[in-house]
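Predicted model follows, preceded by the sequence.
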Amino acid sequence: MRGEQAGKVRTRSKALSSSSIGSPRSNVESVCVLHSGAVDRRRVHGSVQPKVPGAEIVVGTIGPVVGVHVGPGAMGVTWIERAP
């Protein structure tokens, strides 16, 4: 199992318009949208869902240790792909 950074986006509008997952993927097992009080988290969930058919999508909050570093309103998307 390996982890790779899909990319970095520096503005919120660019991040919301270019979901990290990119083009549709059928090999994604589950997706997690993590946030620290982001009001637009449902928008991200809605944009991710059609790109990962059949994948479980979980929305959760960032814990206090990470939250103190990223601040309020931060959001991240991560996913697990099925083994080949």
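Alright, I've got the coordinates.

Could you use CA atoms for every contact and neighbour count after this?
Fine.

can you confirm residue 30 is in a strand?
Yes: counting by DSSP: H, G, I helix; E, B strand; the rest coil, residue 30 is part of a strand.

pLDDT at it, what is it?
Listed pLDDT for residue 30 reads 91.

what pairs with it across the strands?
Beta-bridge partners for residue 30, by DSSP bridges, are residue 56, residue 80.

Please apply the same query to the one 4 residues further on.
Applying DSSP bridges to residue 34 gives these bridge partners: residue 60, residue 76.

Am I right that it is in contact with residue 57?
No: the criterion here is CA atoms under 8 Å, and residue 34 misses it with residue 57 at 10.7 Å.

Show me what counts as buried in stretch 47-55.
Within stretch 47-55, the residues that count as buried by 16 or more other CA atoms under 10 Å are 48, 51, 52, 55.

from those, which single one is nearest residue 64?
residue 48 (25.2 Å; CA to CA).
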